[in-house]
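In: what follows is a predicted protein model with its sequence.
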Amino acid sequence: MEISNRQIINYRLKTHHLDQRLPLTELVTAVSACGVQNSPPGSWETAMFNRLEDCTEQALSAALTESKTLLQAWSFRGAPIVFPSHESSIFLTALIPQGSERPWIYTQGMTGILDLLDLPFEDLLRRQVEAIGYLDDNVVKNKNNLERLLADLIYPDLPPDRQKIWLEPSGFNKLVRKTVGQTAVSFLLRPCSYMSLVVFGARTGVNPTFTSFRN
């Protein structure tokens, strides 16, 4: 059997619901194809406008922040992805490494931070998991604020000799001056997302908010 390029293109268009628009009531079906990447911000709304009839920004926002039939979290590719809430195990926990699959994907770049702190990856992740429980009862605006908050919550329980290093400039990004602690926290946000501990909340202006998966 021979399959033409046109057949392949048509199959992909249909699978991704781009051959014809679905009714707005089938929003979850449209998102379910493979999730929708929301990077840069607003990409997922654009994708839905091309897949749904009578699609509005208000309807999309309501699905994310009111009915919560959809979630947005860091997922595959380490990017923010919008997906159906009932498929969270596919888009989140399926990315948790198994057995010898170490280190966690998207955290290889923090090797230098771990060497500075002289702390094992799993120990630092455990500390962040405890700190991020703050989101069970609170919403934090802006990723930089979240990183500072978590770094401050982790700091008191660090060994005294590591606390000084935790507060030193990391040098990872010359434009955004982050401490070693804030940089470590930033790397660990993806694993926390895969563990269903942090998701994107309602956007306030250009800034996303962050909350718990359980909220």
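Out: Okay, I see it.
In: can you pull out the helices in this protein?
Out: 5-15, 27-32, 43-49, 57-65, 88-91, 111-117, 121-131, 143-154, 160-166, 180-194 (DSSP state H).
In: so of these, which one's packed in deepest?
Out: Highest mean neighbour count of these: helix 180-194, a mean of 24 (counted as mean count of other C-beta atoms under 10 Å). Backbone N, C-alpha and C define where each C-beta goes, glycine included.
In: picking up where we left off before, and the helices of the chain: which comes nearest Pro97?
Out: Proximity to Pro97 (C-beta to C-beta) singles out helix 180-194 among those, at 9.0 Å.
In: counting by contacts, list what the closest one packs against.
Out: Contacts defined by 3 or more C-beta pairs under 8 Å, 6 or more residues apart in numbering; DSSP states H and E place helix 180-194 against strand 70-74, helix 111-117, helix 121-131, helix 143-154, helix 160-166.
In: could you rerun that using 6 Å?
Out: strand 70-74, helix 111-117, helix 143-154, helix 160-166 (3 or more C-beta pairs under 6 Å, 6 or more residues apart in numbering; DSSP states H and E).
In: CA atoms only: put it into CSV for me.
Out: Output of helix 180-194 as CSV, limited to C-alpha atoms (Å, rounded to 0.1, in the frame of the first residue of the first chain):
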residue,chain,number,x,y,z
VAL,A,180,22.1,30.1,43.9
GLY,A,181,18.9,29.2,45.8
GLN,A,182,16.5,30.8,43.4
THR,A,183,18.3,29.2,40.5
ALA,A,184,18.1,25.7,42.1
VAL,A,185,14.4,26.3,42.8
SER,A,186,13.8,27.3,39.1
PHE,A,187,15.4,24.0,37.9
LEU,A,188,13.3,22.0,40.3
LEU,A,189,9.9,23.5,39.3
ARG,A,190,9.6,21.1,36.4
PRO,A,191,9.9,18.0,38.5
CYS,A,192,7.4,19.5,41.0
SER,A,193,5.1,20.0,38.1
TYR,A,194,5.4,16.4,36.9
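In: alright, I will stop here.
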